[in-house]
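Visitor: Need coordinates for the below:
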Amino acid sequence: MNKQIIVMTMMISVFVSCKKEDNTDVAISLNVDVDTGNVMAISTPENLLNPYDSTGYLHNRIVAYLLSCKGNTPPDANVSTQYVLKFYEQSYGIDLPATFFATVSSTVNKSRADIQNIIAGCSYDQMLKLKLDSLMQIINKLSDDNSRYSVIKTAIAGFENEIMLDKLLSAEDSEAILKITSIARFSIYYWMNVFKEPFSSATFSIKNIVKWIAATTSDIAGAIVSGNDVVYAADCSAYAYDLITYSMP
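Guide: Numbers count the residues shown, from 1 in each chain. This is a model prediction of the structure:
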């Protein structure tokens with residue numbers, strides 16, 4: 001992995017609260033000020049041109065709630081799932097079946113070993129599989145280059161634009177890939193920035209890159225195997241980040 005140093009000035013304010021009563025209260029404010037040059041200026045991860053961008057926003061609400069409730073404890077897929085279920089019940093009044101999340105741990109382990117096999121073995125048609133492969137190539141290349149988030153967002157947004165203009169994709173396939181790109185874009189933003197020190201001049205260390213790429217890869221794998229379920233994907237993401245952080249603090 002390229003070890004070139006990229007310096008960026010961040011202004012990050014994070015407030016995450018977890019209520020143990022009947023109502024969920026999760027507020028997230030992440031503001032990043034970067035010198036983007038000729039790439040897309042960013043302060044938030046949204047791409048308003050993506051009609052399914054609420055998927056990524058919900059993803060980040062879930063992982064913020066999960067981490068705020070879980071605290072600094074060893075990785076446990078069952079524990080993280082319980083907080084995810086609690087979030088959904090408090091937010092929407094719906095009790096999701098815990099059995100649906102029983103494969104989170106194995107999905108994360110498989111994604112760490114070989115995301116390409118997950119893509120190849122999924123039920124999507126061949127064209128959509130090729131698009132997912134392309135998305136992973138973009139993300140991996142950007143992580144290898146130690147790219148700033150502004151560069152990553154611009155690249156993913158450009159890929160999304162190509163998807164929206166592709167007349168060969170069915171409406172269903174276009175929706176599937178655009179939901180996954182939204183999850184990836186929001187996930188990378190969250191994991192890159194949420195644990196940064198306020199007002200610090202930071203470099204993206206190899207550790208941080210390994211952490212966010214593992215979490216985002218697990219997100220994409222989770223979305224694929226669950227039929228694009230953002231709740232399952234968020235559970236995979238948080239558990240993967242926990243595993244990496246615990247083994248490489």
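Visitor: Give me the secondary structure label for the residue positioned nearest the centre of the chain.
Guide: The centroid of the chain falls nearest to residue 187 when counting by Cα atoms, centre = their mean (2.2 Å). In three-state terms, and counting by DSSP: H, G, I helix; E, B strand; the rest coil, residue 187 is helix.
Visitor: I'd say it and residue 56 touch.
Guide: Yes - contact criterion Cβ atoms under 8 Å: residue 187 and residue 56 qualify, at 7.4 Å. Quick note: C-beta positions are derived from backbone N, CA and C, even for glycine.
Visitor: Any buried residues in stretch 211-228, and which?
Guide: 211-226, 228 (16 or more other Cβ atoms under 10 Å).
Visitor: correction: stretch 143-156
Guide: Within stretch 143-156, the residues that count as buried by 16+ other Cβ under 10 Å are 143, 146, 147, 148, 149, 150, 151, 152, 153, 154, 155, 156.
Visitor: Can you report phi and psi for the second one?
Guide: In this case it means residue 146. phi 60, psi 40 (degrees, to the nearest 10).
Visitor: In this structure it contacts residue 209, no?
Guide: Yes - Residue 146 lies in contact with residue 209 (Cβ under 8 Å); the separation is 6.6 Å.
Visitor: Report all helices and strands that the helix or strand hosting residue 173 contacts.
Guide: Applying DSSP states H and E as the criterion places residue 173 in helix 171-193. Packing partners of helix 171-193 (3 or more Cβ pairs under 8 Å, 6 or more residues apart in numbering; DSSP states H and E): helix 54-70, helix 126-144, helix 149-165, helix 206-225, helix 230-247.
Visitor: I'd like the average pLDDT over that helix.
Guide: On average, the pLDDT along helix 171-193 is 96.
Visitor: what angle sits between that helix and helix 54-70?
Guide: 40 degrees (axes from the mean of the first three to the mean of the last three Cα atoms, to 10 degrees).
Visitor: Any regions of the chain where pLDDT drops low?
Guide: 1-43, 195-205, 249 (pLDDT under 70).
Visitor: now the residue lying closest to residue 136 once chain neighbours are set aside: how far from residue 46?
Guide: Leaving aside its sequence neighbours, residue 136 sits nearest to residue 115 (Cβ to Cβ, 6 or more residues apart in numbering; 5.9 Å). Between residue 115 and residue 46 the computed distance is 25 Å (Cβ to Cβ, to the nearest Å).
Visitor: again, but for residue 218
Guide: From residue 218 to residue 46 the distance is 22 Å (Cβ to Cβ).
Visitor: Likewise for residue 162?
Guide: From residue 162 to residue 46 the distance is 18 Å (Cβ to Cβ).
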